[in-house]
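[1] Here you go, sequence then predicted model.
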Amino acid sequence: MKLSHLKIGETGTIVAFTDLEMSVKLMEMGCLPGEVVEVERFAPFGDPMAIRVAGYQLCLRKSEADVIIIQ
Amino acid sequence: MDIKVALVGNPNTGKSTLFNRLTGLNQKIGNFPGITVDKKTGFTKLSDGKDAEIIDLPGTYSLYPKSKDESIVFQVLADQGNSSHPDVIVLVTDASNLKRNMLLYSQVADLGIPMILALNMIDLAAKGGIEIDVDKLAAKLGIQVVSISARNNIGIDKLKQAVTNTNKIATQFQEVDVNFLAPEAINAIKQHINTDNDYYALQVLHQHEHLTFFTEKDQVEIEEIEQSHQFESAKIQAAETIARYKHLSTVLSDVVTDQGTAKKFSFSDRLDAILTHKVWGFAIFLLILFVIFNAIFAWSSYPMEWIEGTFGWITSMGHEHLPAGMLTDLVLDGVVAGLGGIFVFIPQIAILFAFISILEDTGYMSRVTFMMDKIMSKVGLNGKSVVPMIGGLACAVPSIMAARNIENWKDRMITIMVTPLISCSARLPVYILLISIIIPAKTIWGIISLQGLALMVMYLVSFVAAVVVAWVMKLIIKTKEKSYFIMELPIYRMPRWKNVLFTMYEKSKTFVLEAGKVIIAISIILWVLASFGPGNRFDNIDQKYSAALADTTKNTDHIKTLVATEKLENSYVGILGHFIEPAIRPLGYDWKIGIGLITSFAAREAFVGTMATIYSVDGGDEDSVTIRQRMEASVNSKTGLPVYTFATGISLMLFYAFAMQCMSTVAIVYRETKGWKWPVIQLAYMTAMAYVAALIAYQLLK
């Protein structure tokens, strides 16, 4: 399942990425395989989204959340 | 200087606060040699009386740069010949979010430069239930660890003491042995560039293309090594990041205890629920914009009048007391007038930046960015373009400076390119004058003023133009950089008022110094062109009126104005006006308007003053009604028809809406993009757009 498919309040554990280049950027920001992420909210127009990861709040576009596979 | 200290850390860790705390106002902004990124340096006294130079490096999440600013960090740390290369690194981290912050520590540590770890915002972390065993961490890393709170002035002396105590030789343990990631390539590089540091060699393989301190021959050879060993940059970087985090987990496992993660964010979460709400979020944003916009106009009008008055006073006092002559005229009417034109922008710049720095400090700005990104990205802009574009309603100059917050190069360039299209306050007097001539002062349905409606349409036109141009530029400008929007949303905090004041001061100073040079130069040129004419034309005018002026029984004011007008027509600017007349006739303008167009290149509002001079009205733009009457009455000497028809008026307003008639903006775009390429493109496209729009409008309406 992709991170972008989660609803507000739902959590998941990162297992893999589908885009190598994007994965490097995401991992630097603490989105590592094994980390638990929680969807906090979506921007008023449904994109981007804010997630809680590694003890802080991160926002990213849905297209970027698409590359994160969660369980 | 006894010792050089570099501050390195993630964004939002309070690095700049620490920098200000250490250096006070004793700091300066310059350039890194050969690279176009601002460099902040300052000085501090250490406990043993030694002086330390503090260098504030741009905030970054890792040594792999995502923006031009970030690429400086590795450049400076890697190149021992760089004048900013530090003796000691203070790695600043946010204590409440240590693990993510330590990734950068782990990378920097492996470069082998002596370093100190500063755990900033330790008081906030403690409040959030996070405890860090500083001694244990220090023992595990092999360096001094100091817990501080830069904002509340806790632990600063301890940090300075730690800098004094630091050895010349790095003591930190190696974090990750990266050799396994690409052993052959790394070994080949180590031999080639003569280093025994594996991680330095690996970084060179990754980003040598961006490193300026290698010779061309070196670059070719490094590239060869990279190719022959099939070095897969992204894959290796991913493996390195995972390895570093794995190591950090073991380091931090019994050092950090966290008992209150859930509680910690409840305040920020509740605020976010309102401030980024579908309805309330936008309502609050609009309200804040209204307050800012209003403040820029209302609060700046008094100081601006005062500045204008002061410069006017200096000019008139100078003319009274200095010996009359060309030098006096040049100094007073060229240089002093040019300086006045710069200083008059300071109130608006200072107020806009006060608000921007408050909104950024509190963390609200990232929420606005978050809310607006979807709309803005559709036309090639970025959520972060909102701030400059709103500020453009007041003045493009500070707004273009505010576009620095946009990391993505393409998004930032597009923002800079379209911001001057937004209708700024200098266009207002021009619109008001022209609308009062061509639009009847009537109301429809008894309440809606036609003139007010016309003014609003001009503002709408400016926004539509900015959006359309942004969209076109999105298609034209090519970049290898992928637009992305992975951004930290920092928790809400109180603004640091000292920082707000300092930002106001710093931005105003930058503007005066940088834009000032160009503005003064152009003012002087314009003054010369308006004050001199070819041959003895001016002498002839003086002779023609000398008898009338000598007659002391009559008021000579009107004669003096006639002389001034005739001189202006015969000056180089006047001749230029006549010269460009064929080009502007299709737009419905005569040579007098041509002069107005030329003089308002200095600043748009000069149009009103120029029209006042040309139409022989004394008293300058205070007498708008009389200028208006004169302009309404004026007829074209060739055709005998009125000059200011509806078609000409609309054509002129569209010209002013799109044309880049503001040398302050040209100067600031030059400064911000560090070259003439972008300001020239901007000047060209805006002038072309203004000409075409005015041409179409006039030809359709005449």
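    Now that the structure is in, tell me what you want to look at. Numbers count the residues shown, from 1 in each chain, chains lettered A, B, ... in the order given.
[2] Skipping its backbone neighbours, what lies nearest residue B:340 in space?
    For residue B:340, ignoring the flanking residues on the chain, the nearest one in space by CB to CB, 6 or more residues apart in numbering or on different chains is residue B:311 at 3.3 Å. Every C-beta, even on glycine, is put in place using the N, C-alpha and C of the backbone.
[3] Please report the distance of the one you found from residue B:337.
    According to CB to CB, to the nearest Å, residue B:311 and residue B:337 sit 7 Å apart.
[4] related to what we said a few turns ago, gap between the residue nearest to residue B:340 and chain A?
    Residue B:311 sits 46 Å away from chain A, going by CB to the nearest CB, to the nearest Å.
[5] Longest helix in chain A, please.
    helix A:20-28 (DSSP state H).
[6] chain center to that one, what's the gap?
    Distance of helix A:20-28 from the chain centroid (CA atoms, centre = their mean, to the nearest Å) equals 11 Å.
[7] by contact count, what packs against the helix or strand that contains the residue nearest to residue B:340?
    Using DSSP states H and E, the element containing residue B:311 is helix B:280-321. Contacts defined by 3 or more CB pairs under 8 Å, 6 or more residues apart in numbering or on different chains; DSSP states H and E place helix B:280-321 against helix B:266-275, helix B:337-343, helix B:346-362, helix B:364-378, helix B:386-391.
[8] Next SSE downstream of that helix?
    Sequence-wise, the next helix or strand downstream of helix B:280-321 (DSSP H and E) is helix B:326-329.
[9] Tell me if the longest helix of chain A is near chain B.
    Yes: Helix A:20-28 is in contact with chain B by CB under 8 Å from any CB of the partner chain, via A:20, A:21, A:22, A:23, A:24, A:25, A:26, A:27, A:28.
[10] which other residues reach that helix?
    Helix A:20-28 is contacted from outside by A:17, A:60, A:64, A:67-68, B:61-62, B:64, B:66, B:103, B:234-235, B:237-238, B:241-242, B:245, B:482, B:484, B:486, using CB atoms under 8 Å, 6 or more residues apart in numbering or on different chains.
[11] out of the residues you listed, which are inside helices?
    A:64, B:103, B:234, B:235, B:237, B:238, B:241, B:242, B:245.
[12] number of nearby residues for the closest residue in space to the last one that isn't next to it in sequence?
    Spatial nearest neighbour of residue B:245, excluding adjacent residues (CB to CB, 6+ apart): residue A:32 at 5.4 Å. Residues contacting residue A:32 under the criterion other CB atoms under 10 Å in any protein chain shown number 21.
[13] any idea which helix or strand carries residue A:32?
    Per DSSP H and E: residue A:32 is located in neither a helix nor a strand.
[14] Quick one: distance of stretch B:143-155 to the chain centre.
    32 Å.
[15] Kindly apply the preceding question to stretch B:397-410 instead.
    Worked out by CA atoms, centre = their mean, stretch B:397-410 lies 5 Å from the chain centre.
[16] Skipping its backbone neighbours, what lies nearest residue 67 in space?
    By default, I'm working from chain A. Residue A:67 sits nearest to residue A:19 (CB to CB, 6+ apart), 4.1 Å away.
[17] The chain in question should be chain B.
    Nearest residue to residue B:67, sequence neighbours excluded (CB to CB, 6+ apart): residue B:407, at 4.1 Å.
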